[in-house]
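> show me the folded form of this:
(one chain, ligands or ions: 2)
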Amino acid sequence: MTILQRIAVIGAGAWGAALANVAARAGRDVVLVARDADAADAVRRAGASPHLPDVALDGAIAVAGGIDAVAGADAVLLVVPAQAHGAVAATLAPVLAPGTPVVACAKGIERGTRRFMTDVIAAALPGATPAILSGPSFAADVARGLPTAVTLAAADDAVAVALAHALGTPTFRPYHATDLRGVEIGGAAKNVLAIAVGIVRGRRLGASAAAALTTRGFAELMRFGRAYGARPETLTGLSGLGDLILTCSSRQSRNFSLGIAIGDGLSPGEARQSGLLAEGAFTAPVLVEMAAERNVDMPIAAAVAAVLDGRLGVDQAIAALTTRPFRAEH
Ligand SMILES: NC(=O)C1=CN([C@@H]2O[C@H](COP(=O)(O)OP(=O)(O)OC[C@H]3O[C@@H](n4cnc5c(N)ncnc54)[C@H](OP(=O)(O)O)[C@@H]3O)[C@@H](O)[C@H]2O)C=CC1
Ligand SMILES: O=C(CO)COP(=O)(O)O
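Ligands and ions are numbered 1, 2, ... in the order given. Below you'll find the model as predicted:
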């Protein structure tokens, strides 16, 4: 099996820091690339990401402030927000060896182009090998070394296996897969649904309502996945159902917390001023557009998009969902 020893992690946010720690713990040579030289200095001085200040970076990790540090990498983990994936991937073109695996670690869909993350990478870096890592895993848990499991997919199973071996440890277990589409759909859609369940929590509608909404949300995720070519077993796995359960139930989730704040009475604009990245807010409109394009019924996702852009109030959205006609469950 190919040994992927030199790992470049691009993006020194919470998830980038966590994945850099994962790779270092797995025995890899790791360079963590921050946005620029000043950002790299700040990370070096603090010994931690400013987005995850309480968890120390492994001392063996090199921190760099420019893309040149990626030269010679055997694999790249791209860990910037979904909407920045394309622009940041494009900067890698001059320094990457042909065929290098580039792993999308963001959870979202590119607005405007309506591209999934591995398609964004393929378009920006035609010579690279796109892959995706997703699943139920909070950066703080992963960075601290608490046990977690994720899905790691590449079109070629041998690449997925090599990546899983490069990053895997007893406390970070990547399951390999070839269903890129299924993995990226689960990660993108669950964030939108977590905002909905957060709203229900913030409105104090009860644990039963939250469970019902999570389950009906999963039905939407499955319908969307089927329409866009995902395998059902991927959607019921870690990167679909697993991540949906995590994100719809923990205040550690920024998407769930955004929903709670809105349900509790803040306007979407006020709630988004937290400065925390809630990818579902960016994904919601594009997910709904793509669902409509293929006649996929996604009333919960549509309600989230409408609340976020001010077309519906929270109570109107709840009324719209609870007065839909009674129908067969499946
Ligand atoms: N946090 C988590 O628990 C998990 C996150 N993810 C996913 O990982 C992705 C990143 O999230 P996360 O790390 O938490 O977010 P953070 O907000 O913690 O960090 C984002 C990082 O990306 C950098 N960045 C943003 N835009 C650009 C750009 N245009 N060019 C270069 N760098 C940029 C930021 O730099 P700066 O600080 O300078 O703005 C920051 O270092 C998201 O898609 C998220 O869904 C997936 C699993 C778990
Ligand atoms: O994706 C995550 C956990 O798997 C992190 O969730 P948030 O982005 O909502 O914080």
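> the closest residue to residue 242 other than its chain neighbours: how many residues sit nearby?
Nearest residue to residue 242, sequence neighbours excluded (Cβ to Cβ, 6 or more residues apart in numbering): residue 136, at 4.4 Å. Where you see a C-beta, it was placed from the backbone N, CA and C, and this is true even at glycine. Neighbour count of residue 136, defined by other Cβ atoms under 10 Å: 21.
> what sits against residue 136?
Applying Cβ atoms under 8 Å, 6 or more residues apart in numbering to residue 136 gives the contacts 148-150, 238, 242-243, 245-247.
> export those to CSV and tack on distance to ligand 2?
Output for the contacts of residue 136, formatted as CSV (distance: Cβ to the nearest ligand atom, whole Å):
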residue, distance to ligand 2
148, 9
149, 11
150, 8
238, 9
242, 8
243, 5
245, 10
246, 5
247, 5
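> and the strands in this structure, which stretches?
6-10, 29-33, 62-64, 75-78, 101-104, 109-110, 115-116, 129-134, 148-154, 172-177 (DSSP state E).
> and for the fourth one, what's in contact with it?
Identification of contacts with strand 75-78 by Cβ under 8 Å, 6+ apart yields 4, 6-11, 16, 19, 23, 70, 85, 88-89, 92, 96, 100-106, 121, 128, 133, 163, 166.
> which positions in the stretch 101-250 of the chain make contact with ligand 1?
Those residues of the stretch 101-250 of the chain that sit near ligand 1, judged by Cβ under 6 Å from any ligand atom, are 105-108, 137-139.
> in those, find the pair that's most separated.
108 and 138 (16.9 Å; Cβ to Cβ).
> quick one: which of those two has more around it?
More crowded of residue 108 and residue 138, by other Cβ under 10 Å: residue 108, with 28 against 19.
> surely the more buried one touches residue 84?
No. If you go by Cβ atoms under 8 Å, residue 108 and residue 84 don't touch, sitting 9.9 Å apart.
> most centrally placed residue in this structure?
residue 107 (2.4 Å; Cα atoms, centre = their mean).
> got a list of what the closest residue to that one other than its chain neighbours touches?
Spatially, and ignoring its direct neighbours in sequence, residue 107 is nearest to residue 187 (3.6 Å; Cβ to Cβ, 6+ apart). Residues in contact with residue 187 (Cβ under 8 Å, 6+ apart) are 107-108, 132, 134-135, 239, 243.
> read off the pLDDT value for residue 187.
Predicted confidence (pLDDT) at residue 187: the value is 98.
> ok, now how distant is it from residue 135?
8 Å (Cβ to Cβ, to the nearest Å).
> quick check: neighbours shared by the two?
Both residue 187 and residue 135 are contacted by 239, 243, under the criterion Cβ under 8 Å, 6+ apart.
> run a quick neighbour tally on the residue in the chain positioned nearest to ligand 1.
When scored by Cβ to the nearest ligand atom, the chain has residue 13 as its residue closest to ligand 1, at 1.7 Å. When neighbours are counted by other Cβ under 10 Å, residue 13 registers 18.
> and the residue nearest to it when sequence neighbours are not counted, what is it in contact with?
The shortest distance from residue 13 to any residue other than its chain neighbours is 4.4 Å, reached at residue 51 (Cβ to Cβ, 6+ apart). When contacts are counted by Cβ under 8 Å, 6+ apart, residue 51 touches 12-14, 17, 139.
> since that was my last question, I'll sign off now.
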